[in-house]
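# Following is a predicted model, sequence given first.
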Number of protein chains: 4
Amino acid sequence: MSDITFTNQLTTRLVNHAASDEGVVAAARVSTIGIKSTEYLSTDAEESSGLINFLMKNRHGTPFEHNMFTFFVQAPIAVFREWHRHRIGWSYNEESGRYKQLEPMFYVPSRERPLKQVGKPGHYEFVPLGDEMAYERMVATLQISCKDSYHRYEILLNEGIAKEVARGVLPVYIYSSMYATCNARSLMSFLSLRTKDDRSTFKSFPMWEIEQVALQAESHFADLMPITYKAFIDNGRVAP
Amino acid sequence: MSDITFTNQLTTRLVNHAASDEGVVAAARVSTIGIKSTEYLSTDAEESSGLINFLMKNRHGTPFEHNMFTFFVQAPIAVFREWHRHRIGWSYNEESGRYKQLEPMFYVPSRERPLKQVGKPGHYEFVPLGDEMAYERMVATLQISCKDSYHRYEILLNEGIAKEVARGVLPVYIYSSMYATCNARSLMSFLSLRTKDDRSTFKSFPMWEIEQVALQAESHFADLMPITYKAFIDNGRVAP
Amino acid sequence: MSDITFTNQLTTRLVNHAASDEGVVAAARVSTIGIKSTEYLSTDAEESSGLINFLMKNRHGTPFEHNMFTFFVQAPIAVFREWHRHRIGWSYNEESGRYKQLEPMFYVPSRERPLKQVGKPGHYEFVPLGDEMAYERMVATLQISCKDSYHRYEILLNEGIAKEVARGVLPVYIYSSMYATCNARSLMSFLSLRTKDDRSTFKSFPMWEIEQVALQAESHFADLMPITYKAFIDNGRVAP
Amino acid sequence: MSDITFTNQLTTRLVNHAASDEGVVAAARVSTIGIKSTEYLSTDAEESSGLINFLMKNRHGTPFEHNMFTFFVQAPIAVFREWHRHRIGWSYNEESGRYKQLEPMFYVPSRERPLKQVGKPGHYEFVPLGDEMAYERMVATLQISCKDSYHRYEILLNEGIAKEVARGVLPVYIYSSMYATCNARSLMSFLSLRTKDDRSTFKSFPMWEIEQVALQAESHFADLMPITYKAFIDNGRVAP
């Protein structure tokens, strides 16, 4: 039987990109100055920060689409299940349980992850368990469950059962990996829904795990398009 | 502890629709006759079957988009994972493991499902296990694994762990349900990839379970848009 | 030479639909009650108006996608140019200048259309010309220009020039017609951008002509999905 | 009155990109080897040309989406009208007739453009006029018509009529400019429909003008992703 790995790592790496504030400015200015807008592709966007803020505030979204971010994400299937519901402006290629034996790596929440859900659907809040023993019991239960499931997966594979059938017993805390490509507009839509921020005009209640990978994507966005990012923050994190 | 249900039911029910061959004809004819095309909304499409075949053969896809099918689907998560990768022309709302306790119902393949995978990725073929005992052993392993996982899920819930965390141990053969809405064009794209048919111009190798739900959707499509469906078949099941 | 028609008619007819508030409620409730949600397909949505308002306010958009509106629109090309920029959740089939001779029908703004543009890009306001003579002069200039253009179009056609080349001289106030299909979510996105309303959280400055056809679509939406429509209005006309 | 420019220039410039065959290979391989696929981001794709051909042939489309091309296009509105009908995987920002006075530049077909349309809708063929005098007459008619239209546009503007109303008289051969961003998959879909090629599995009958700008986009695609491009050609120019 394979050794099982448990981890709380949730990672979003930027593996390819073509993104700049200058691209936003040029695309926006074509409406009023036509071909002269191409000069702005190589002009510091800082001097057009007012324009970018105007676009964001008034939800002129299309100028934010002429760019690209490709992320390589490692997270449990439970996270990918939510991420893949973002259909527009997103492209995905993921590890396949039909074509490969999935690795024996499972997610276990860290102590900082609030584990108790209180309130009603749509208004859930998450609070700490408040009991170190309870956390330990949870970890033990998660681990034994995932381990048993993976053990049965291997038994089925050894019996000659197809990978796509045997994986039926694998839990949604097993890790997967994917390439996810978006543009700044579709990324902002994702961030507005998958992060929780007091500055948000529209409050979201994301699952803690997807928020962690979303925040990593957000930091890459902030690095590559700082003026656009500031406008996003200043205007209540509303995707334009 | 809850009683566990095992089943091989995979169901696609049509719960709402607005779909007809006449809509295809009217939309296609607007290009050549403008407003007069509206007469075709209430003219038997049979007399325009040649036009529909022409559209399909030459991949004029847009006239097939002015219609709607809403399906209610019950299938294991493993099936929904694939279905949700269809982004364009598809809308989804699914049961949530964050907002409700998932039901103790799990999928177990029937005897008719080929269980053995042979060949290389991209060329897999599936053949019968060829051994009744092996099938029984598989069923037993699947059942004990799913049962143990659900048992641990309940333990975690009883400990006060949030539903969205506790469900981390649940396997992808647990059942879920969703509304899935599409149009004839996006449905044909789905069918061309998720069914296997010797008449197909482009061969597909779908997972057996998604093919079963796809074939049920296909039968509704055939009922509501028989001329379009015939053209789809006659032209190699290539989505226009 | 053909007789030329001038008109200020801008029309959006509903020619097919499958839309109800009940569909929104059922799709939303699947997340918390699974298959029991199907009962809501045939339960008066009035008792779930609070839920619909909650979805709208918190921008849970997907439950609003399981429905369909097909409009037949007659308007000048200038309007279609803007409409076709709505890509997601919209399907189009339009009269073709390649395949048919376009009709000699042109748009001339009515007296109620504010004709003077003041202010800067992004902040334009439109005010009346304030001079009946100026309106008459505008009409005369538009008419003679469109008439001359159509005359040259016919000359080119008579010379044997292909329709798709001859139409190069036709102005964007010539009429076209199309089928446009959407769902309530994509329709609300369209309405939020193509109508101007003091109740809007995000102000829009649509072209007057597209606002007229948008308002007709809006009235059909209000008729078929009154609870959803009320929630849209009550929450600042923000598309969820 | 402004001087009028007539030209037959149709241009597609590549102004930004992040596109490589290596990205296709890495995205495809994640399904079978997970994280090890990232090594292929920096491995010569030449050794995986068989894989790329396999993906193309079997219409596995998603690995071709993790890249970006931004084009700056200058062409008459008649061309943009067709281009904008490509909704999925395309982003646009165009010069605005509401926000700026459009330039007095118009398209006139060159002698090489076949000008005569023969056959029935759906089967049109284009042949030369076969008469130098007829070409000259066409040019004269196009020019006088566009010139008169622009003259009336200026008259309306001088009268204080809003730009968005005055432009109603401008013909669809007036030039516009736009940024258009796509990925290799959406670009291949565009190319398969907007170019005519004897090697195509599915024949297309594009308008000559859009084919010229499409072919320029195609050459950039061929430069940046030569292995993908070869697979596209070798497999009948069918978008995967």
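Good, I have the coordinates. These numbers come from a predicted model, not from an experiment. Residues are numbered from 1 along each chain as shown, chains lettered A, B, ... in the order given.
# measure the most centrally placed residue in chain A to A:Thr70 for me?
Central residue of chain A (CA atoms, centre = their mean): A:Ala214, 3.7 Å from the mean position. Computed as CB to CB, to the nearest Å, the A:Ala214 to A:Thr70 distance reads 16 Å. (Each C-beta comes from the backbone N, C-alpha and C, glycine too.)
# just A:Glu94 next, same as before
For A:Glu94, the distance to A:Thr70 - CB to CB - is 13 Å.
# Same check on A:Tyr99?
From A:Tyr99 to A:Thr70 the distance is 21 Å (CB to CB).
# Settle it for me: which of these two has more neighbours?
A:Thr70 (24 against 16; other CB atoms under 10 Å in any protein chain shown).
# Hmm, that one is touching A:Arg13, no?
No: with contact defined as CB atoms under 8 Å, A:Thr70 does not count as touching A:Arg13 (9.5 Å).
# now the helices: where do they sit in chain A?
A:21-33, A:49-57, A:77-83, A:132-158, A:163-166, A:184-194, A:208-224, A:226-234 (DSSP state H).
# before we move on, back to that, okay, and the common contacts of A:Glu94 and A:Thr70?
Contact with both A:Glu94 and A:Thr70 is made by residues A:Tyr179, according to CB atoms under 8 Å, 6 or more residues apart in numbering or on different chains.
# Out of the helices of chain A, which gets nearest to chain C?
Proximity to chain C (CB to the nearest CB) singles out helix A:21-33 among the helices of chain A, at 5.2 Å.
# Quick one, grab the pLDDT at A:Pro128.
If you check A:Pro128, the pLDDT there is 86.
# List phi and psi for it.
phi -60, psi 150 (degrees, to the nearest 10).
# how about it, what does it touch?
A:Pro114, A:Leu115, A:Lys116.
# Number of residues surrounding the second one?
Put plainly, it is A:Leu115. 25.
# Leaving out chain neighbours, which residue sits closest to it?
With sequence-adjacent residues excluded and distances taken as CB to CB, 6 or more residues apart in numbering or on different chains, A:Leu115 is closest to A:Leu129, at 4.7 Å.
# now the contacts of A:Pro128 in JSON lines, with distance to C:Asp148?
Listed next are the contacts of A:Pro128 as JSON lines, based on distance: CB to CB, whole Å:
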{"residue": "A:Pro114", "distance to C:Asp148": "72"}
{"residue": "A:Leu115", "distance to C:Asp148": "75"}
{"residue": "A:Lys116", "distance to C:Asp148": "76"}
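# Pipe those into CSV and attach pLDDT and distance to D:Asp3 per row.
As requested, the contacts of A:Pro128 are exported to CSV (pLDDT from 0 to 100; distance: CB to CB, whole Å):
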residue, pLDDT, distance to D:Asp3
A:Pro114, 94, 69
A:Leu115, 93, 73
A:Lys116, 91, 75
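# A:Arg81 against B:Trp83, yeah?
No: at 11.7 Å, A:Arg81 does not count as touching B:Trp83 under the criterion of CB under 8 Å.
# circling back: so what's the residue nearest to A:Leu115 up against?
A:Leu129 is in contact with A:Leu115, A:Lys116, A:Tyr135, A:Met138, B:Gly160, B:Ile161, counting by CB under 8 Å, 6+ apart.
# Any idea how many residues pack against the fourth one?
Meaning A:Met138. For A:Met138, the count of nearby residues is 23 (other CB under 10 Å).
# residues touching it, list them.
With CB under 8 Å, 6+ apart, A:Met138 has these contacts: A:Pro109, A:Leu115, A:Leu129, B:Leu156, B:Glu159, B:Ile161, B:Val165.
# out of those residues, who has the most neighbours?
B:Val165 (28 neighbours).
# Let me know the pLDDT of it.
98.
# how close does it get to chain A?
Distance from B:Val165 to chain A, counting by CB to the nearest CB, to the nearest Å: 6 Å.
# Any idea how many residues pack against the residue lying closest to A:Gly160 once chain neighbours are set aside?
Nearest non-adjacent residue to A:Gly160, counting by CB to CB, 6+ apart: B:Lys116, 5.5 Å away. Neighbours of B:Lys116 under the rule other CB under 10 Å: 17.
# What's opposite B:Lys116 in the beta bridge?
Beta-bridge pairing for B:Lys116 (DSSP bridges): B:Val127.
# ok, it - contacts?
A:Gly160, A:Ile161, A:Ala162, B:Phe126, B:Val127, B:Pro128, B:Leu129, B:Gly130.
# Could you find the closest non-adjacent residue to the last one?
Spatial nearest neighbour of B:Gly130, chain neighbours left out: B:Lys116 (7.6 Å); criterion: CB to CB, 6+ apart.
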